[in-house]
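Chemist: Show me the folded form of this:
(2 chains)
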Amino acid sequence: MSFNATRPTLLAAPGVAWLVAFMVVPCLLVLSYAFFQRGVWGGVEYTFTLENFARVADPLYAKIFLNSARIALTATVVAILIAYPAAYAISRAPRMTQPILLFFAVLPFWSNYLIRTYAWIVLLNREGLINNLLRALGYTGEPLSMLYTESAVITGLVYNYLPFVILAIYSTLSRLNPELMEASRDLGAGPVRTFLRVTLPLTLPGVAAGGVFVFVLSIGNFVTPALLGGGRFQMVGNLVYDQFLTANDWPFGAALGAALILTMIVLLLLQARATAHASGERKGEAER
Amino acid sequence: MSAALSRKLPGRIVLVLVFGFLYLPIAVLVLLSFNDSGLPTSWSGFSTRWYGALLANTDILRAAWNTLIVAVFATVISTVLGTLLALGMETRRRKSNGLEALAFAPMVIPDIVLAVALLTFFSRLGLAMGLHTIIISHVIFDLAFVCSVVRARLKHFDFSIVEASRDLGASGWTTFWRITFPVLLPSIVAGALLAFTLSVDEFIIAFFTAGAGRSSITLPMQIYSMIRFGITPEVNALATIVMGVSATALLISQWLNREQQVP
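Modeler: Residues are numbered from 1 along each chain as shown, chains lettered A, B, ... in the order given. From the prediction side, this is the model:
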């Protein structure tokens, strides 16, 4: 092989250097800020303290953390409930059309997040499309105020992250051995039972992967609550935003960011364990 | 026939509903951008006046120019670094978990966290922020995506043709440009197009690393300030153009990637 032992290292070096210098080092730096005090005039005073982390657990902020976790969890559950049937339907489509369907399901995900959120302002506004449709259909009451509600925020989050959940669930569904389902049917289980006892458990890793993704991105979001919640709903993302750009309390903002990353790591580890568990089970069953 | 149809029907209904949910809001925006009144209240005739208004808006033109500069530079840098990283990672004898995590992290880290980390980093260094700091920041996730697209291609790459080329006396350099590069080219272009769209559409990190002042505002930042307080008809036209550009780039990227999966 023309690639000797040192060449791979040389090839990877520039990219690795970029990621270390501009991702790893900044993340460690901001994490270190979480252990310092806020200066009197904004800024950072380099005195060690754990106060910032204590403040994250303060009832005021813990409440925002829990509330945004609740909103994020609702968005996650709704997204999974919509994505699963969609992914299932795609996996049942003719083999040739599956990649096309999947591509168009994921396409919106790569396009502009702000525009996709803005589209819902157009739909939900008091002067928006849905209220106009209602009026055209003969509704005469006050226009519904759907924008700037918690449901609007949840709708926006689901809409934006749905493509990824479809992709994650589809990827486990498409790898499923159809003989397993046939075997279940041959052994007398009905379609519902086959789905609940065979298909669903085997695709849980995909559900978990998609779910973790929606949850983490939702809880750290600040754009959707600002645009569709009218600033009335604070997510952890909004808190971080405020500490850095308005309150000028970087150490506390850093502690909040650290809490966010920690949440993500814990969830990813749990998901990895669940996946390993599921595949281990499958292996065990095959051996028996 | 009818039994087959009734078996397929629920799936069809689900697909129509989900694709309707995904695409109707976008379709409404596109349609509205051609509405003379610009408002969703009534259709007052087909018009391209809002597109004309965009061209007359110097703020938007400047933001579009800034976005183009950022996206082009970030794409070029990340395509080179991402491709080299992919080659390095796929030709290693042993898989390194640390390296895998490093290349994966930019794709999963919440953007707000990376954004505040970069803001802290650049201001700690005392670096004046502007388009250059946005470019540096965008390269981080762009290169991770380029790397993953190129690696997917390398997984199917038959390294024995590289050996054959060397055995026949070609130098490492010649082998790369005559053998490896042409085989990888579709995936490199696909990765570059993906990086370009990601960069054009990225808002949060750009917002935090652009620095103060209006001189380095990008299109997503411009859009954010326009839509914060409700509907602006010009945004519909701008949104239609931006989504058109993204969709085109992604379609080409996907097409290039499909071609290569055939052999």
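Chemist: how far away is the nearest residue to A:F104 once chain neighbours are set aside from A:P108?
Modeler: Nearest residue to A:F104, sequence neighbours excluded (C-beta to C-beta, 6 or more residues apart in numbering or on different chains): B:F19, at 7.0 Å. Glycine gets a C-beta too; all of them are placed from N, C-alpha and C. Using C-beta to C-beta, to the nearest Å, B:F19 is found at 10 Å from A:P108.
Chemist: more neighbours, the two?
Modeler: A:P108 (23 against 14; other C-beta atoms under 10 Å in any protein chain shown).
Chemist: so that one touches B:P25, yeah?
Modeler: No. Checked against C-beta atoms under 8 Å, the pair A:P108 and B:P25 is beyond contact range at 9.1 Å.
Chemist: what's whatever helix or strand the residue nearest to A:F104 lives in packed up against?
Modeler: Using DSSP states H and E, B:F19 sits in helix B:2-33. The contact analysis (3 or more C-beta pairs under 8 Å, 6 or more residues apart in numbering or on different chains; DSSP states H and E) places helix B:2-33 against helix A:59-92, helix A:98-110, helix A:113-124, helix A:150-174, helix B:233-261.
Chemist: at 10 Å what do you get?
Modeler: helix A:59-92, helix A:98-110, helix A:113-124, helix A:129-136, helix A:150-174, helix B:49-56, helix B:233-261 (3 or more C-beta pairs under 10 Å, 6 or more residues apart in numbering or on different chains; DSSP states H and E).
Chemist: Now mean pLDDT too, for those, in CSV please.
Modeler: As requested, the helices and strands packed on helix B:2-33 are arranged in CSV below (pLDDT from 0 to 100):
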stretch, mean pLDDT
helix A:59-92, 94
helix A:98-110, 91
helix A:113-124, 90
helix A:129-136, 80
helix A:150-174, 94
helix B:49-56, 90
helix B:233-261, 86
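Chemist: who wins for proximity to A:T6 among those?
Modeler: Closest to A:T6 of the helices and strands packed on helix B:2-33 is helix B:233-261 (C-beta to C-beta; 29.1 Å).
Chemist: name the helices or strands packed onto the helix or strand where B:A164 lies?
Modeler: Secondary structure assignment for B:A164, by DSSP H and E: helix B:160-167. For helix B:160-167, the elements it packs on are helix B:172-175, judged by 3+ C-beta pairs under 10 Å, 6+ apart.
Chemist: Go through the helix it packs on and flag the buried ones.
Modeler: Residues of helix B:172-175 classed as buried by neighbour count (16 or more other C-beta atoms under 10 Å in any protein chain shown): B:T175.
Chemist: Tally up the residues packed near A:G229, please.
Modeler: Using other C-beta under 10 Å, A:G229 has 22 neighbouring residues.
Chemist: wait, what's in contact with it?
Modeler: Shown in contact with A:G229 (C-beta atoms under 10 Å, 6 or more residues apart in numbering or on different chains): A:71, A:147-154, A:156, A:235, A:238.
Chemist: Ok, A:P94 next?
Modeler: Counted by C-beta under 10 Å, 6+ apart, A:P94 has contacts A:101, B:8.
Chemist: That one and B:I223, how far apart?
Modeler: 39 Å.
Chemist: now do B:S253
Modeler: Counting by C-beta to C-beta, the gap from B:S253 to B:I223 is 23 Å.
Chemist: before we move on, what about A:E179?
Modeler: Distance, A:E179 to B:I223, by C-beta to C-beta: 50 Å.
Chemist: Of those two, which one has the most company?
Modeler: B:I223 (24 against 9).
Chemist: quick one: that one and A:E127, what's the gap?
Modeler: 20 Å.
Chemist: Spit out the contact partners of the closest residue to B:L99 other than its chain neighbours.
Modeler: Once flanking residues are discounted, B:L99 sits nearest to B:M89: 6.1 Å by C-beta to C-beta, 6+ apart. By C-beta under 10 Å, 6+ apart, B:M89 lies in contact with A:8, A:11-12, A:15-16, B:95-96, B:99-100, B:102-103, B:147-148, B:150-151, B:154.
Chemist: next one: A:A152
Modeler: Contacts of A:A152 by C-beta under 10 Å, 6+ apart are A:117, A:120-121, A:123-124, A:145-146, A:224-225, A:227-230, A:233.
Chemist: got it, and A:A255?
Modeler: Contacts of A:A255 by C-beta under 10 Å, 6+ apart are A:30-31, A:33-35, A:50-57, A:61, A:240, A:243, A:249.
Chemist: same deal with A:A168?
Modeler: A:80, A:83, A:87, A:203, A:205-214.
Chemist: Looking at the residues you listed, which are in helices?
Modeler: A:80, A:83, A:87, A:203, A:205-214 (DSSP state H).
Chemist: what about A:P99, how many residues close to it?
Modeler: Around A:P99 there are 14 other residues, counting by other C-beta under 10 Å.
Chemist: Just give the nearest non-adjacent residue to it, would you?
Modeler: B:R258 (7.2 Å).
Chemist: what do you get for A:T155?
Modeler: A:W120 (6.4 Å).
Chemist: count of neighbours near the one you found?
Modeler: Number of residues near A:W120 (other C-beta under 10 Å) recorded here: 23.
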